[in-house]
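Peer 1: What follows is a protein structure lacking sequence information:
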């Protein structure tokens, strides 16, 4: 009986408003594709500011720029939320080579991993040993590793359709490889870049030492996939290969930074808050266009597109541009902490942090009943080729908001090209297509509009209350 | 009653084989993503051969190369099908400028449209008049146009989600604008490039003069979108603006060329033929990677992927690499003509000619019952994010095969980026992502596998026969 009630109720609701909803979605998409601001904002963030590592001058420029742009939109409120962030700096360019015989060297492309310590001044040279994975590293033990540089060469799994799954499968190697190798007396680690294609770009990303004391910490760098293949081939030929690398990175004291927040206050339920966000910081090698300039400008455009489409939301809609997702998540944690301290009721949060590619759908952390409710909107999205509404990961910055009531979601763009650019020098503006970016902004706006219109109460709850 | 029968029958069939089908699709996709040949073949076609305009030396190199590569696959049969093709050559680079006052000129980026005549030696200079569309051009009449160059400035419509619809909306301007303008005494036409973004690349493409006598034909060129905007702005300031352009293109005598065909002969129904194809020729400005090197290598890989996945098709599967899609369709017409003369029974043809981007689905020219049968395979494609199975256009080269019995289909990749590159100097290999290309090849193979397994007979026919 419950099931029948649910179906009938859903059906009636959907039929009732389908016409208006369809028209509003059309307005949102048309506005984004003909009159969107995302691309222009991203051009500024990427080409006038550039890479925005937490604590850097560029990150602060980005805070000021996005605040000013939000202020131009005529929102109800725009503010900066202070947060202390770590400040890691790369220093002078890294340098690395392998030595096939004394003095005969071949340079390879590396970059320090974010959070790594520097090599000793003048660099470090040692025998290099290759392992295929973190598990293999743990099995080798001190005998084989002590005094050596460990090369962790785990390629991303190519036959996974969702490339984020392939990324997840290799991330422990990058994050924890150095700490593990250090336990067995290694003097450094070189990790294969998390990139599905073969090219010359090293890809940075965060690593950590856990509770390893400072004195035991060893430097860790990523090597390009082409050079990982080359190095692996050379090691196969010569088990006593020497490897040299130098890097000059450093962890400085924390500095003051900000989350940037803009708000349209709800007309009916101002105390129910919907968050849409991306992260303002990026790695330093590229200009952070896909990761996550795209999510930032799309989130800003959600507010603008609602206004331009003449939609006055019932609930409060906030665009939150989080600081320090990449190496600390301080912005996401601070936002949740402040929300909790103020007893704010967050009902929905949507993050875009998977690149500015053609949107395919969303993934959700919510109840089955809520997912079913969202899936009942599927036909509204069909004209825009948005087809995937599945349970799954939402986003790092909104994660700290998780409780039993909030619905969390992530925009899911096509993932095939993302890791060609992720955390590398070629994460740059020319690799973003204007229309793909705008379709993402429109899709986020459409979902926010529907969540605001229909709320996050689910039919099954209501039916249960009546039981 | 009929409807119930259909549903039950479909359900049983799908359940029965779903396990094997799912396993075979997994093999096909995994093989393509880990061991595909598409990208390597495209690298050769694009970077070792290059643009392949019909009748050019490069087109003949491409015929030889693809024939040799197909021969390496151990197919049952590989052959060349002779076809006479037109040979249009661009000649020396085009040159154009507008003149704001005598001797004060600004250069703009143009390219001759395929099939256009040259300007008189030394170029042509005349007053330029802007129209917004073909319809507007027809309305202006001889008074306003005679002796002038007509600038047809119709932007593609940005709020259409499927960019091919936006392309279709402006194609008469490019194809027929010159013939129409010539009727009113214009001396040349400049057409806005069919490109959704603003950049400096002029985009070529075919145009025709219909039955206009040679003496009346006027030269026609495309102008980059950036320069179309600039020119339009200058015309608004100065109604008497002079425009100069020179182009040296020429239509030569037809030459001998070939369709390239490879075949796996069917094990049960060798006389039922399934065609999978793309076109081997391209325009000359870029290397034709997306249009249609992608379709060529994907079609070749369909045969290889079937073999590698241990699938022995019941029906005959042919990869047909058509010559001369761009400016004549002679290859497509020849293939259909030969098929008809031999009384060959073609049951299904699938074309890939929309770029090597992430596949989203297929569009079909077939009966409703057949479309319903295909849509019953939807869940098999879901893990690969292939979601769109709709009635619609198939492809130019397979069009001439159309009759009452054949099912025609087109691969539908994500269309957002296609017209950034289409027919322009930046249709090049570096804009193709290996995984996107491979997913397309796998999706085509999967559909061919299912069509071969379940045939193109439809349940409703069977039910009707029993009535």
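Peer 2: Now that the structure is in, tell me what you want to look at. Owing to the predicted nature of the structure, the values given are computational and were not obtained by experimental measurement.
Peer 1: Can you pull the residues of the stretch 101-250 of chain A lying near chain B?
Peer 2: Residues of the stretch 101-250 of chain A lying close to chain B (C-beta under 8 Å from any C-beta of the partner chain) are A:158-159, A:161, A:163, A:196-197. Just so you know, the C-beta spots here come from the backbone N, C-alpha and C atoms, and that holds for glycine as well.
Peer 1: Shouldn't residue A:139 be within a strand?
Peer 2: No. Going by DSSP: H, G, I helix; E, B strand; the rest coil, the assignment for residue A:139 is helix, not a strand.
Peer 1: how much space between it and chain B?
Peer 2: Noted for residue A:139: a distance of 26 Å to chain B, by C-beta to the nearest C-beta, to the nearest Å.
Peer 1: Now do that residue: how many residues are near it, please.
Peer 2: 10 (other C-beta atoms under 10 Å in any protein chain shown).
Peer 1: And the pLDDT for it?
Peer 2: What the model reports as pLDDT for residue A:139 is 94.
Peer 1: which one of the residues of the stretch 101-250 of chain A next to chain B has the most neighbours?
Peer 2: Taking other C-beta under 10 Å as the neighbour criterion, residue A:196 ranks highest of those with 25 neighbours.
Peer 1: and it, what is it in contact with?
Peer 2: Neighbour list for residue A:196: A:156, A:158, A:163, A:166, A:419-420, B:435 [criterion: C-beta atoms under 8 Å, 6 or more residues apart in numbering or on different chains].
Peer 1: and the two most separated of the residues of the stretch 101-250 of chain A next to chain B?
Peer 2: A:161 and A:197 (15.9 Å; C-beta to C-beta).
Peer 1: Could I get the phi/psi values of residue A:255?
Peer 2: Note on residue A:255: backbone dihedrals following degrees, to the nearest 10 are phi -130, psi 160.
Peer 1: From chain B, how far out is residue A:336?
Peer 2: To chain B, residue A:336 is 32 Å away according to C-beta to the nearest C-beta.
Peer 1: What count of nearby residues applies to that residue?
Peer 2: When neighbours are counted by other C-beta under 10 Å, residue A:336 registers 20.
Peer 1: how about the nearest residue to it once chain neighbours are set aside, what does it touch?
Peer 2: With sequence-adjacent residues excluded and distances taken as C-beta to C-beta, 6 or more residues apart in numbering or on different chains, residue A:336 is closest to residue A:400, at 3.5 Å. Residues counted as contacts of residue A:400 (C-beta under 8 Å, 6+ apart) are A:329, A:332-333, A:335-337.
Peer 1: Enumerate every residue touching residue A:41.
Peer 2: A:66, A:69, A:296-297, A:300-301.
Peer 1: Buried ones in the host helix or strand of residue A:347, by neighbour count?
Peer 2: Element membership for residue A:347, per DSSP states H and E: strand A:345-351. Buried residues in strand A:345-351, counted by 16 or more other C-beta atoms under 10 Å in any protein chain shown: A:346-351.
Peer 1: Which elements pack onto the helix or strand where residue A:167 lies?
Peer 2: Assessed by DSSP H and E, residue A:167 sits inside helix A:163-183. Packing partners of helix A:163-183 (3 or more C-beta pairs under 8 Å, 6 or more residues apart in numbering or on different chains; DSSP states H and E): helix A:134-140, strand A:149-152, strand A:188-192, strand A:220-223, helix A:418-421.
Peer 1: From the contacts of residue A:196, pick the one nearest residue B:121.
Peer 2: The closest of those to residue B:121 turns out to be residue A:420 (C-beta to C-beta; 47.7 Å).
Peer 1: What are the structural domain limits within chain A?
Peer 2: Using automatic domain parsing, the domain ranges for chain A come out as A:16-87+A:253-466, A:91-248.
Peer 1: Deepest-packed of the ones you listed, please.
Peer 2: A comparison of the domains of chain A by mean neighbour count, using mean count of other C-beta atoms under 10 Å in any protein chain shown, puts domain A:16-87+A:253-466 on top with a mean of 21.
Peer 1: picking up where we left off before, out of the domains of chain A, flag the one nearest residue B:130.
Peer 2: domain A:16-87+A:253-466 (21.1 Å).
Peer 1: gap between stretch A:209-223 and the chain center?
Peer 2: Centroid displacement of stretch A:209-223 relative to its chain, using C-alpha atoms, centre = their mean, to the nearest Å, is 24 Å.
Peer 1: Stretch A:249-262 too?
Peer 2: Distance, centroid of stretch A:249-262 to centroid of chain: 17 Å (C-alpha atoms, centre = their mean).
Peer 1: helix or strand for the residue in the stretch 1-150 of chain A positioned nearest to chain B, which one?
Peer 2: Using C-beta to the nearest C-beta, the closest approach of the stretch 1-150 of chain A to chain B is made by residue A:30 at 4.1 Å. In this structure, residue A:30 sits in helix A:2-35 according to DSSP H and E.
Peer 1: ok, back up a step: could I get the contacts of residue A:400 in TSV, plus columns for secondary structure and pLDDT?
Peer 2: Shown next, in TSV, are the contacts of residue A:400 (DSSP: H, G, I helix; E, B strand; the rest coil; pLDDT from 0 to 100):
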residue	secondary structure	pLDDT
A:329	coil	98
A:332	helix	98
A:333	helix	98
A:335	helix	98
A:336	helix	98
A:337	helix	98
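Peer 1: Let's have these in CSV, adding distance to residue B:386.
Peer 2: As requested, the contacts of residue A:400 are exported to CSV (distance: C-beta to C-beta, whole Å):
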residue, distance to residue B:386
A:329, 35
A:332, 34
A:333, 39
A:335, 38
A:336, 38
A:337, 43
